[in-house]
Each structure stands twice: as C-alpha cells, then as structure tokens.
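Chemist: Below is the structure, and that's it, no one-letter string:
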DNA sequence: ATGCGTTATATTTGTTAGGATATAGCGGGG
DNA sequence: CCCCGCTATATCCTAACAAATATAACGCAT
C-alpha cells in the first residue's frame, strides 16, 4: 500500500501559534508582492484573514516581522523586516530537515 | 523569549488521513477499556465522532485495525488487532524520534 | 483639494463541523 | 423470551469559523 507519512511543524510563543506553514507562505507572498491585500488575493485568502494572521504574528514575535503602512507612495504596503526574514529562514530549514528525517525513518520500517 | 517548536505527524493513505495523534489516543483508550463508547466518554468525545474516526481508520487501512462487535457477551465491544497494534507502535516510535530530532535542531539555532 | 491604492475595522451573511438526542439492531445469558 | 450493554445510524440544532460587503483612515502625488 502507499502509506505516506506527513508532518507539520510550527513555532509557539507562550502557548499560542507564532509561525506555521500557512503564515510562512503568506509572508513569502507579501515579500514578493509588497502588499498584504495582493498577497491575500494571490493565495485566494480573504484580506481579513490575512490581516489577522499577520497581526497575530507581529504581536507574538519579540520583534516586528511585517511592517504595514497605510497611505503614501502607492497607497502604502507591507514589508518584511530582517528579523522576519531570518525567522522564516530558520523555520524553513528546520522544516526541510524534519521532512528528510522522516523519510529516513520510513525506510527503516517494513510496514511502508 | 520562550519560543517553542512543535510538530505533528500523521499517516496518509491515498491522500486521506489514516492515523494521527488523536486517532492513536482514541485507539489506546479503546485498547484499555475494550469498548468504543467507553473510550469516547473517557476522552470527552461524542460516540458519533469516535465511531466515524475508527470507521475511517478501518476503511483506509489495508487490514482491519479495530474490530467492532454488537451484541453478545457484555453487549459487544471493540478490540485492537495485532496489525493495529503494530501500526500504532511504529507511529509512536517515529513520533518520539521526530520530537527528539526537533529538539536537536533547536539547540543549533541561536534564535531560540 | 482631490484622487489613488493601500491598511484597518465593523457588520452581516453563509457554511460547515460537531454536539445532542432518539431509535434501531445485535447476540449471548439468565 | 426478554434483558442488557454495546454498536449503528438518522435527524435536528447550535456554535464556531469563514466569506462577503461596506466604510473609514492614511499619506503621498498631482
């Protein structure tokens, strides 16, 4: 049979989710579009949900991750801070390592 | 800050969840109580939900995992098959290994 | 001033997952 | 033959979540 083993990791701060796969994807879309609303639309996500996710990330992180600004050139926009960049980098490397580790584990089990 | 990294693993069969932490816990409760309804109650879960979870597990596994029987001695009951036993064993060992691996990963990151 | 494209927030509506409840069926034992 | 405790399943109801819509505020540019 084609059993597959999957995983999901996330970072918590005082018991609440700070960063998970969905938020990381959203943040990467923000980085490439420069706008929260465009990022949300590109992912088929409502603006409201995207905003509340980013708000949660910013309030729970020890330093700002995304800077949102309304008004000004181009109407405003969203930018990823260097701290945010390093945060999602470590998240993604650990995530990849985890997948690799699980692939190893599977090969050691005849059941799969 | 007290960032913590958490993980969740599960086994899929043709794109659908076969076994995850919640189902494993339910199965273990079944094993110790000998009854699906008692197991559900002990976990504060509705019988309906417990039944549909176990039904999904049995239908997606290549061999039966839990045998349910209505009527007879004691009114019936639920028993874990040897195949099911080995399945949850491998799940739990891989899960533990994954946690240990992630703990290692954290120590290599100054951000935590 | 006015326009523009954003962020920010409230309100209303719709959808879906789960709980609660009720009832039927099963099969050995007294 | 009926009682018991369990499995099996349908129906209704509620509550949480998501979507949709509307509106305001912001600040640079023209």
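Modeler: Nice, thanks for sending it over. Only a predicted model underlies this, so the values are computations on that prediction, with no experimental measurement involved.

Chemist: count of residues packed around residue A:110?
Modeler: With neighbours defined by other Cβ atoms under 10 Å in any protein chain shown, the count for residue A:110 comes to 6. From N, CA and C alone the C-beta is placed, and that goes for glycine too.

Chemist: With residue A:101 instead?
Modeler: Neighbours of residue A:101 under the rule other Cβ under 10 Å: 18.

Chemist: contacting residues for it?
Modeler: Going by Cβ atoms under 8 Å, 6 or more residues apart in numbering or on different chains, residue A:101 touches B:97-98, B:101.

Chemist: Need phi/psi at it.
Modeler: Backbone torsions for residue A:101, taken as degrees, to the nearest 10, come to phi -60, psi -40.

Chemist: Against DNA strand D, how distant is it?
Modeler: With the distance defined as Cβ to the nearest atom of the strand, to the nearest Å, residue A:101 ends up 29 Å from DNA strand D.

Chemist: Could you do residue A:91 as well?
Modeler: Residue A:91 is 21 Å from DNA strand D, by Cβ to the nearest atom of the strand.

Chemist: repeat for residue A:67
Modeler: 13 Å.

Chemist: what's the helix or strand for that residue?
Modeler: strand A:66-70 (DSSP states H and E).

Chemist: so what's the most centrally placed residue in chain A closest to, chain neighbours aside?
Modeler: With distances taken as Cα atoms, centre = their mean, the residue of chain A nearest its centroid is residue A:24 (1.1 Å). In space, and not counting its chain neighbours, residue A:24 is closest to residue A:88: 5.2 Å by Cβ to Cβ, 6 or more residues apart in numbering or on different chains.

Chemist: repeat for residue A:83
Modeler: Per Cβ to Cβ, 6+ apart, closest to residue A:83 is residue A:63, 4.4 Å.

Chemist: wait, that neighbour sits on residue A:85?
Modeler: No: contact status for residue A:63 versus residue A:85: not in contact, 11.4 Å apart, counting by Cβ atoms under 8 Å.

Chemist: before we move on, back to that, please report how far the residue nearest to residue A:83 lies from residue A:87.
Modeler: Taking Cβ to Cβ, to the nearest Å as the measure, residue A:63 falls 9 Å from residue A:87.

Chemist: On the three-state scheme, the residue nearest to residue A:24 is what?
Modeler: Here residue A:88 is recorded as helix under DSSP: H, G, I helix; E, B strand; the rest coil.
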